[in-house]
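[1] Need a 3D model of the sequence below.
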Amino acid sequence: MKKSGLMLSLLGLIMVGCSANAALELPEQTETAVTASEPSPTEGLLALARAPKKASGPSTAKVRPDGTLMVSGQAMFPMGFYHVSWAGNAERRMRDMNAIADLGFNTMNATMFDPEEDLASYRHLMDAAQARGMKLMVEDYNDTSVRALKDHPALLGWMVADDCNNLVAPAELQRRSENVKRLDADHLTYTSMAISFANSHTEYFGRADAVGNQSYPVGGGDTVNVVYPVMTRLVKEAQARGTMPIANLQSFRWEDGRYPTPAELNSMTNQAIAAGVKGILYYTYLDRTNDLARYPGLHSELRELASEVKLLAPVLTEGERSELPVTASNQQATAHLWTYGGRRYLQVLSLDERAGQTVRVQLPGKVGQLRPLFAGRPSGLKLQGSAATGTLPALSAHWYEVR
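    Prediction:
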């Protein structure tokens with residue numbers, strides 16, 4: 001997980017969908033009354049959600065052609081953490097798995113200490129994860145580990161390379177992936193790409209089932225708003241090769257740096273969702289210099305994000321996503337609409353880190369209501385005809401149900 005900056009040219013992608021109008025004037029706004037009999041937007045999301053079936057025997061994890069993860073035939077949006085387990089011990093690894101589950105997450109990428117001596121302890125971890133409804137990505141690709149653990153129902157897949165674009169050649173990545181698939185054809189192979197999307201790395205896609213891309217801007221030389229263009233490129237290249245795109249987002253501090261603020265963490269997460277990623281793994285819960293158990297400052301925000309993504313998961317995995325035209329006074333905003341189950345959900349993001357901005361988002365089709373989706377989150381955009389208009393605070397994310 002090495003630090004490097006993005007080329008400034010990438011930041012131009014942020015302007016997509018924004019106009020150059022620097023002093024946007026908004027007409028008088030109106031609201032549509034909501035009757036008491038109508039379900040709330042979150043009730044609508046709950047109605048779309050299907051309770052996952054708990055596997056008692058081996059599960060399967062496959063990637064659909066659109067990049068969506070299918071676990072035993074059901075779509076899943078993995079949301080979780082890396083865990084550099086050698087920075088602790090087996091007891092700590094177990095404790096942190098439960099802490100991650102307590103926050104509401106469903107996935108953990110955890111290190112094996114040794115492909116033989118750690119088998120019993122890792123199997124115990126998987127048993128506990130299964131009881132908590134968690135899936136594990138095993139950071140190991142040794143034949144012994146694969147043969148021993150491939151039938152466990154908590155298994156999601158195998159991490160076959162980290163920082164692959166820096167540490168292994170594309171052919172070696174494919175060799176590792178093919179060897180794992182020879183032993184276990186029913187689960188994912190996964191690799192993570194170091195921060196280096198100033199240049200394309202198309203040669204690494206299609207060689208493992210899932211590719212993560214790292215974006216760690218806080219203290220790492222980039223601005224927070226680079227997450228959107230980074231993940232947009234990840235999704236585009238993944239789609240071209242039938243690969244699952246996973247956002248690796250920052251929940252740590254660089255040496256001599258600081259942790260992201262809750263607002264920055266929220267923005268990075270929403271930027272990745274806007275780009276169309278199919279899963280999120282934060283780096284990290286634990287490594288040599290970072291320990292989220294000792295830093296509760298992000299726990300409340302992480303718990304909220306896990307809860308919101310859990311509600312949105314059917315929409316993010318099964319819905320149709322489209323980018324909408326945005327007029328923004330600071331030229332740094334983006335908007336997307338998801339359609340699923342006869343419902344529409346609007347996400348509007350500010351990509352400006354310093355100042356608020358006025359926006360106008362043109363909505364397609366007939367629009368009668370714009371209802372805030374999550375209580376306690378930024379809202380305030382109103383309907384003016386068929387457009388959503390109003391002010392976005394810096395780095396804010398707005399979610400609405402469009403009726």
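[2] thinking Thr232 is in contact with Ala275, fair?
    Yes: Thr232 is within contact range of Ala275, at 4.5 Å (criterion: CB atoms under 8 Å). Backbone N, C-alpha and C define where each C-beta goes, glycine included.
[3] name the element Gly67 belongs to?
    Following DSSP states H and E, there is no helix or strand that holds Gly67.
[4] In contact with it, which residues are there?
    Applying CB atoms under 8 Å, 6 or more residues apart in numbering, we find Gly67 in contact with 235, 238-239, 242-245, 278.
[5] Show me just the buried residues among the residues you listed.
    Buried members of these, scored by 16 or more other CB atoms under 10 Å, are 235, 238, 243-245, 278.
[6] between these, which is nearest Pro372?
    Relative to Pro372, the closest of these is Lys278; by CB to CB it sits at 25.8 Å.
[7] my guess is the closest one is in a strand, correct?
    No: going by DSSP: H, G, I helix; E, B strand; the rest coil, the assignment for Lys278 is coil, not a strand.
[8] before we move on, the earlier item: now, which of the buried ones among the contacts of Gly67 lie within helices?
    Of the buried ones among the contacts of Gly67, the ones assigned to helices by DSSP state H are 235, 238.
[9] Kindly tell me how buried Ala375 is, as a neighbour count.
    9 (other CB atoms under 10 Å).
[10] From Pro41, how far off is it?
    10 Å (CB to CB, to the nearest Å).
[11] what ranges do the strands span in the stretch 301-403 of the chain?
    If DSSP state E, counting those that start in this stretch is used as the criterion, the strands of the stretch 301-403 of the chain fall at 320-324, 326-328, 333-340, 343-350, 357-362, 370-372, 382-384, 387-392, 397-402.
[12] can you list the weak-confidence ranges in the stretch 201-350 of the chain?
    Counting by pLDDT under 70, the stretch 201-350 of the chain contains no low-confidence segment.
[13] Checking Asn266 next. Helix, strand or coil?
    Three-state call for Asn266 (three-state DSSP): helix.
[14] any idea of the mean pLDDT for the host helix or strand of Ser145?
    For Ser145, the host element (DSSP H and E) is helix 143-149. On average, the pLDDT along helix 143-149 is 98.
[15] Residue ranges in the stretch 1-150 of the chain under the pLDDT threshold?
    1-37, 50-56.
[16] Skip the chain neighbours and tell me the closest residue to the most centrally placed residue in the chain.
    What sits nearest the mean C-alpha location of the chain, by CA atoms, centre = their mean, is Ile280, with 2.8 Å. Nearest residue to Ile280 in three dimensions, chain neighbours excluded: Ala247, at 4.8 Å (CB to CB, 6 or more residues apart in numbering).
[17] Okay, buried residues for stretch 107-125 please.
    Residues of stretch 107-125 classed as buried: 107-112, 115, 118-119, 121-122, 125 (neighbour count, 16+ other CB under 10 Å).
[18] Residues touching it, excluding its own?
    Identification of contacts with stretch 107-125 by CB under 8 Å, 6+ apart yields 78-86, 90, 93-94, 96-97, 100, 129, 134-140, 142-145, 148-149, 152, 156, 159, 190, 279, 281, 285.
[19] Go through those residues and flag which are in strands.
    Residues of the contacts of stretch 107-125 located in strands (DSSP state E): 79-83, 135-139, 156, 159, 190, 281.
[20] Most neighbours among these, which one is it?
    In terms of neighbours by other CB under 10 Å, the ones in strands among the contacts of stretch 107-125 top out with Tyr190 at 30 neighbours.
[21] Which residue, other than its chain neighbours, is closest to that residue?
    Closest residue in space to Tyr190, ignoring its immediate chain neighbours: Ala210 at 4.5 Å, by CB to CB, 6+ apart.
[22] and the one you found, what are its bridge partners?
    Note on Ala210: beta-bridge partners by DSSP bridges are Tyr190, Met244.
[23] how much space between it and Lys181?
    Remark: distance between Ala210 and Lys181 (CB to CB) = 13 Å.
[24] before we move on, the earlier item: which of the buried ones among the contacts of Gly67 sits closest to Arg360?
    Of all those, Arg360 sits closest to Val235, with 25.7 Å by CB to CB.
[25] List the contacts of the nearest residue to that closest one once chain neighbours are set aside.
    Spatially, and ignoring its direct neighbours in sequence, Val235 is nearest to Gly276 (4.4 Å; CB to CB, 6+ apart). Counting by CB under 8 Å, 6+ apart, Gly276 touches 231-232, 235, 245, 321.
[26] now these in JSON lines, with distance to Tyr345?
    As requested, the contacts of Gly276 are exported to JSON lines (distance: CB to CB, whole Å):
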{"residue": "Met231", "distance to Tyr345": "19"}
{"residue": "Thr232", "distance to Tyr345": "19"}
{"residue": "Val235", "distance to Tyr345": "18"}
{"residue": "Pro245", "distance to Tyr345": "20"}
{"residue": "Arg321", "distance to Tyr345": "10"}
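[27] ok, so of these, who is nearest Thr68?
    Nearest to Thr68 among those, with distances taken as CB to CB, is Pro245, at 10.2 Å.
[28] any idea how far Asp140 is from that closest one?
    From Pro245 to Asp140 the distance is 23 Å (CB to CB).
[29] Can you get me a residue count around the residue lying closest to Gly341 once chain neighbours are set aside?
    Take Gly341 and drop its neighbours on the chain: the residue closest to it by CB to CB, 6+ apart is Leu48, 4.8 Å away. Leu48 is flanked by 18 other residues according to other CB under 10 Å.
[30] Leaving out sequence neighbours, find the closest residue to Ala275.
    Computed as CB to CB, 6+ apart, the closest residue to Ala275 that is not its neighbour in sequence is Met231, at 3.6 Å.
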